[in-house]
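A.B. asks: Have a look at this prediction, sequence included:
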Amino acid sequence: MMAKKFASMVVGLVAGVAVIRSIEMFAAFLFPPPLGIDFSDPDALTQFMDRMPAGAFILVLLAHATGSFAAGFSISAMIRATWWTGPLVVGALLNLAGIANLILLPHPTWFACLDLPLYLPLAWLGARTGLPFFAHTPPSSPGQKAT
């Protein structure tokens, strides 16, 4: 069972990152960077981030929230039982990635204040939402009425 739990965490992390990346790519399509920008130049990157519209940051928030939810949901789908440790560990890993992103790239303060609290609760909510779909229901004991 331990290997299955670990595998579910890996799958959940991959699913979460895939969802985040997909929505971020969509955001880059809607809000493309200027042609010829050198992303290795810190000054050019800072100028680009300063000029990004709020809608782009909102899409990134949506990506992080949806990715965390998908990670927790995926873990529930694999484990098929109540297990909160896995989704919370994966949510914490995604949160650490978010912290690294905030350190490496300049973001507005409002974005950081909204982004960091998203990961853990949404990973938990994803797992909680997935339980009714995937959890095994215990069989009725002899003499008990099925509900």
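C.D. replies: Yep, it's here.
A.B. asks: wait, what's in contact with Val11?
C.D. replies: Shown in contact with Val11 (Cβ atoms under 8 Å, 6 or more residues apart in numbering): 74-75, 78. C-beta coordinates here come from the backbone N, C-alpha and C atoms, glycine included.
A.B. asks: mind checking which helix or strand it is in?
C.D. replies: Assessed by DSSP states H and E, Val11 sits inside helix 2-30.
A.B. asks: Show the pLDDT at Gln144.
C.D. replies: Listed pLDDT for Gln144 reads 54.
A.B. asks: Quick check: nearest residue in space to Ala123, chain neighbours excluded?
C.D. replies: Spatial nearest neighbour of Ala123, excluding adjacent residues (Cβ to Cβ, 6 or more residues apart in numbering): Gly91 at 3.0 Å.
A.B. asks: Count the neighbours of that neighbour for me.
C.D. replies: 28 (other Cβ atoms under 10 Å).
A.B. asks: starting at the chain centroid, how far to stretch 24-40?
C.D. replies: 21 Å (Cα atoms, centre = their mean, to the nearest Å).
A.B. asks: Perfect, I'm done here.
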